[in-house]
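Enquirer: whatever this is, show me its structure:
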Amino acid sequence: MPDTYTARVAAEVRAAMARHGRTSRDLATILNVSAPTARARWGGSRPYTVEEVDRIAEALGVPVLDLLMSPHQPAA
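Expert: Presented below is the predicted three-dimensional model:
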């Protein structure tokens with residue numbers, strides 16, 4: 001997967017979901033989307049919307065910025 005912002009956000013979401021014992025099926029439920037749509041977001045082939053990232057952060061009880069910035073990415 002190329003190192004794009006979409007790919008990095010997808011990786012952060014996957015990591016956060018894993019830390020909370022959640023799967024791509026849970027992602028589909030959180031986002032209220034079909035399983036194929038959730039898998040496309042999960043894999044980084046389709047970008048998350050701002051609203052989707054907000055829903056994920058709320059469901060996991062984490063700050064939105066934790067999902068938008070990797071630990072190696074400095075704040076602007």
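Enquirer: who touches the one helix or strand Ile56 maps to?
Expert: Using DSSP states H and E, Ile56 sits in helix 50-60. Helix 50-60 is contacted by residues 9, 13, 16-17, 20, 22, 27, 30-31, 41, 48, 63-64, 66-68 when judged by CB atoms under 8 Å, 6 or more residues apart in numbering. Where you see a C-beta, it was placed from the backbone N, CA and C, and this is true even at glycine.
Enquirer: now the two most distant members of those.
Expert: Spatial extent of those (CB to CB) is set by the pair Arg41 and Pro63 at 19.3 Å.
Enquirer: what's the next secondary structure element after the helix holding Ile56?
Expert: Past helix 50-60, the next helix or strand by DSSP H and E is helix 64-68.
Enquirer: does Arg22 count as helix, strand or coil?
Expert: On the three-state scheme (DSSP: H, G, I helix; E, B strand; the rest coil), Arg22 is labelled coil.
Enquirer: Ser45 too?
Expert: Secondary structure of Ser45, per three-state DSSP, is coil.
Enquirer: that one: how many residues sit nearby?
Expert: 12 (other CB atoms under 10 Å).
Enquirer: what of Leu31?
Expert: 19.
Enquirer: any idea how many residues pack against the spatially closest residue to it that is not a sequence neighbour?
Expert: The spatial neighbour of Leu31 that comes closest, neighbours along the chain excluded (CB to CB, 6 or more residues apart in numbering), is Glu52 at 5.3 Å. Neighbouring residues of Glu52 were enumerated by other CB under 10 Å; the total is 20.
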